[in-house]
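S.K.: Dropping the sequence and predicted coords here.
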Amino acid sequence: MRGYYLMPHPPLIIPEVGKGQEKKIQKTIDSCNSIGGEIGEAEIDTIIVITPHGTVFGDAVSLMDVERLSGDFGKFGAKKVSFDLKINTRLTNEIINEAEKADIPVVALKKQNAREYGITLELDHGAAVPLYFVKNLNNFEIVHITYGMLSTTELYSFGVAIDRACRNIGAKSVIIASGDLSHRLTKDGPYPYSPYGEKFDTRLIELLRQGDFKSLFNMDRTMISEAGECGLRSIYILAGTLDGKTAKADVLSYEGPFGVGYGVARFQVSEGESLFDQIKNSDKEKHVKRLEEGPAFTRLARRNIENYFKTGKSLTVKDIKDDELLSDKKGVFVSLKLAGELRGCIGTIEAVTGSIGEEILNNSLSAAFNDPRFSPLREEELHQVDISVDLLYPAEKCSLKELEPQSYGVIVSSGRKKGLLLPMLEGVDTIKEQVSIALQKAGITKNEPYEIERFKVERFKEVDV
């Protein structure tokens, strides 16, 4: 590979879209032009672009496997700014082959299956914005990749597969990781403010400058989740393409005047050592530590999921050794998160078994494998998921004014229809938001009469590692 880049994708950076607003991020524009000119003059045949805004699957990376890909900025009021690009199908299929060899779930998006997935095969703005700056763009073919919500290790491994595929067929290529950084930098921005936003951007830029990719995969998960970014997974894949090399980012610019962080960088590359085994082993070490340390509630949930992968069976009450898990009965919710994103959550409002421990055994497997919103958890993901266990106290009838999303969960009911929402959920800050989501889960329309109950929750999280 002949070039490695990080670029943002705000549509307003395009003059026809921004109509003057883009001047507020002139450093970003200048940096993108610098990279676009560099790519345009490079002796390459293909630009590989990783985007967050194509067809995102929860359980696979997707690649456009069509002859040509078109798109424009019509959604942003600039339909005349359009693209019609040739896909390097040979390299695309070689990447798919290498990914499958490494057991990385991938989907090749073709005309035949687009209708099945209910999607339109078009160039999204996550890819189009960086490509807009490439000089002589029509002289090159592209490979269009949309990251999936996979584990960080799988994304890194996918990057390794990209590099291997390029070497297999002698592709002369560069890669662009498209992604904006925190969307929560300011209180007047388009997204809810978080003090973690600036911390995330500062830490990420620092690690990229240092070339410390190992620490990149050990960033604080709360900080990642609270930052509200869309570029980290692109960077994980980019890091994989650099495996076996030493790479430090030359950060051309960083700006955030609209409350969203825009970073532009090229990577200076030299020979180095592979980090793949270290990153993979680090995940296993975290998993083992969480099996041994932390609350008994989360340890049992993790141990039960691990046992299911090994034996295909759940643990039983006889396997529970902690008295606190057997001495009481309560409703229990088990939640799984992967890189800050929900990966499964199933629970019981009231106890349906003889103990909290039994509730955890049932609900941990349901959260991992039977949540209808997600595909079943893969064993590779278990080492990276964060598990929390909520104990639910008896619900009490209340009025809207008596709700408090950070302190109480809510249950809404109308006849046989019932919906529950736990407290302390990211992005649910008001009573209106809490009740609206609960009503939606219950299938209760706004015009239907309904009752409200609130309940306290005791939440147990795994040890930080």
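M.R.: Structure received.

S.K.: quick one, what contacts the residue lying farthest from the centre of the chain?
M.R.: With distances taken from the mean C-alpha point of the chain and given as CA atoms, centre = their mean, the most distant residue is S327, at 38.1 Å. Taking CB atoms under 8 Å, 6 or more residues apart in numbering as the contact definition, S327 lies against S355. Bear in mind the C-beta positions are built from the backbone N, C-alpha and C, glycine included.

S.K.: name the element R459 belongs to?
M.R.: R459 is part of strand 457-461, with elements assigned from DSSP states H and E.

S.K.: From the contact counts, what lies against that strand?
M.R.: Under the contact criterion of 3 or more CB pairs under 8 Å, 6 or more residues apart in numbering; DSSP states H and E, strand 457-461 touches helix 296-311, strand 386-392.

S.K.: Name the stretch among those that sits most buried.
M.R.: Among those, judged by mean count of other CB atoms under 10 Å, the one packed with the most neighbours on average is strand 386-392 (a mean of 23).

S.K.: Now do that strand against strand 457-461, angle only.
M.R.: With axes from the mean of the first three to the mean of the last three CA atoms, to 10 degrees as the basis, strand 386-392 and strand 457-461 are set at 160 degrees to each other.

S.K.: so A78 touches G18, yeah?
M.R.: No: A78 sits out of contact with G18 when judged by CB atoms under 8 Å, with a separation of 9.3 Å.

S.K.: what touches both of the two?
M.R.: For the pair A78 and G18, no residue contacts each of them under the criterion CB under 8 Å, 6+ apart.

S.K.: Can you tell me what sits against the helix or strand of the chain with the lowest mean pLDDT?
M.R.: Least confident helix or strand of the chain, by mean pLDDT, DSSP states H and E, is helix 221-227 with a mean of 87. When contacts are defined by CB under 8 Å, 6+ apart, helix 221-227 is touched by residues 181-184, 194, 196-197, 199-201, 203, 232, 337, 339-341, 386, 426.

S.K.: and these, which are buried?
M.R.: Of all these considered here, the ones buried according to neighbour count by 16 or more other CB atoms under 10 Å are 181-184, 194, 196-197, 200-201, 203, 232, 337, 339-340, 386.

S.K.: how about the helices in the stretch 1-150 of the chain?
M.R.: Using DSSP state H, counting those that start in this stretch, the helices of the stretch 1-150 of the chain run over residues 15-18, 26-41, 89-101, 111-117, 125-132.

S.K.: mean confidence for the longest one?
M.R.: Predicted confidence along helix 26-41 averages 97 (mean pLDDT).

S.K.: Likewise for the first one?
M.R.: This predicted structure assigns helix 15-18 an average pLDDT of 95.

S.K.: Also the third one?
M.R.: Over the span of helix 89-101, the pLDDT mean works out to 98.

S.K.: Flag every buried residue along it.
M.R.: The neighbour-count criterion (16+ other CB under 10 Å) identifies T89, L91, T92, E94, I95, I96, E98, A99 as the buried residues of helix 89-101.

S.K.: same check, this time on the longest one
M.R.: Buried residues in helix 26-41, defined by neighbour count with 16+ other CB under 10 Å: T28, I29, S31, C32, I35, G36, I39, G40.

S.K.: Let me see the contact set for the residue nearest the centre of the chain.
M.R.: Centre of the chain computed as the mean C-alpha position; nearest residue by CA atoms, centre = their mean is M149, 4.9 Å away. With contacts defined as CB under 8 Å, 6+ apart, the neighbours of M149 are V56, F57, G58, D59, R233, L338, A339, E341, R343.

S.K.: wouldn't the fifth one be in contact with Y147 here?
M.R.: Read that as R233. Yes: in this structure R233 lies within contact range of Y147 using CB under 8 Å: 4.3 Å.

S.K.: Between these two, which is the more surrounded one?
M.R.: Counted by other CB atoms under 10 Å, R233 and Y147 do not tie: Y147 has more neighbours, with 28 against 25.

S.K.: Can you read off the pLDDT for the residue lying closest to S355 once chain neighbours are set aside?
M.R.: Excluding its sequence neighbours, the residue lying closest to S355 (CB to CB, 6 or more residues apart in numbering) is L326, at 4.7 Å. Here, the pLDDT recorded for L326 equals 95.

S.K.: can you map out the helices along the stretch 351-465 of the chain?
M.R.: With DSSP H, counting those that start in this stretch, the ranges of helices along the stretch 351-465 of the chain come out as 356-369, 379-382, 431-442.

S.K.: of all the buried residues of helix 89-101, which comes closest to L361?
M.R.: Ranking the buried residues of helix 89-101 by separation from L361, with CB to CB as the measure, puts A99 on top at 34.8 Å.
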